[in-house]
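1. Sequence first, predicted coordinates after that:
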Amino acid sequence: MFATASRDKTIKIWKSASPTSQAGSPWSAIATIKLPEAVTAVEFAPALEGREGREKEHVLAAGLEDGRVFLFRCDAEKPEVWAPLGEVSRELTHVGTVNGLAWRLTKGENLQWQLASCGVDHSVRLFNINLK
């Protein structure tokens, strides 16, 4: 599975097509997420394993042309259904376009994600994201 960002204000989620698919492409779009501005960066968070070693959910960050950063999640069993987790506070995000996003999982007392974003404003922002 992978995601693509678009200036048409959408994110498309793609999944490997079934071997019996007649579409002729090895990939098919399974979901579209609509946003209020052009999407300039997307990045999946590192997967966490649930029971029996299987992923239990996917988390996706999206950076926009106006500097905002949104978060989404889906159940690993239903990757075609994405729900908004929220938006990073506007006071903390970039003044202009988000050029890139990167996640890392930190291990301490609790598992915590860190999201780095870089923007056209020549800054890098680090956000601690708690997901329970």
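-> Perfect, I can see it now.

2. C-alpha from now on. contacts and neighbour counts both.
-> Noted.

3. Now residue 116: which helix or strand?
-> Per DSSP states H and E: residue 116 is located in strand 111-119.

4. So which other helices or strands are in contact with that strand?
-> Counting contacts by 3 or more CA pairs under 8 Å, 6 or more residues apart in numbering; DSSP states H and E, strand 111-119 packs against strand 98-107, strand 124-129.

5. Give me the buried positions along that strand.
-> Residues 112-115, 117-119 are the ones in strand 111-119 that count as buried (16 or more other CA atoms under 10 Å).

6. With distance to residue 102 and pLDDT added, can I get those residues in TSV?
-> TSV is the format used below for the buried residues of strand 111-119 (distance: CA to CA, whole Å; pLDDT from 0 to 100):
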residue	distance to residue 102	pLDDT
112	14	82
113	10	89
114	8	93
115	6	96
117	7	98
118	9	97
119	12	97
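
7. between the strand holding residue 116 and strand 98-107, what angle do the directions make?
-> Put simply, strand 111-119 runs at 160 degrees to strand 98-107, going by axes from the mean of the first three to the mean of the last three CA atoms, to 10 degrees.

8. could you give the angle of strand 111-119 to strand 124-129?
-> Going by the same axes, to 10 degrees, strand 111-119 makes 150 degrees with strand 124-129.

9. ok, back up a step: to residue 4, which of the helices and strands packed on strand 111-119 lies closest?
-> Proximity to residue 4 (CA to CA) singles out strand 98-107 among the helices and strands packed on strand 111-119, at 12.8 Å.

10. Sheet-wise, list the partners of the closest one with their directions.
-> strand 111-119 (antiparallel) (DSSP bridges).

11. Send me the strand it pairs with as PDB with only the CA atoms.
-> Extracted in PDB, the C-alpha atoms of strand 111-119 (Å, rounded to 0.1, in the frame of the first residue of the first chain):
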ATOM      1  CA  LEU A 111       5.500   4.400  22.600                       C
ATOM      2  CA  GLN A 112       5.400   7.700  20.900                       C
ATOM      3  CA  TRP A 113       5.700   8.900  17.400                       C
ATOM      4  CA  GLN A 114       7.600  12.000  16.300                       C
ATOM      5  CA  LEU A 115       6.700  13.700  13.100                       C
ATOM      6  CA  ALA A 116       9.200  16.000  11.400                       C
ATOM      7  CA  SER A 117       8.100  18.400   8.800                       C
ATOM      8  CA  CYS A 118      10.100  20.700   6.600                       C
ATOM      9  CA  GLY A 119       8.700  23.700   4.800                       C
END
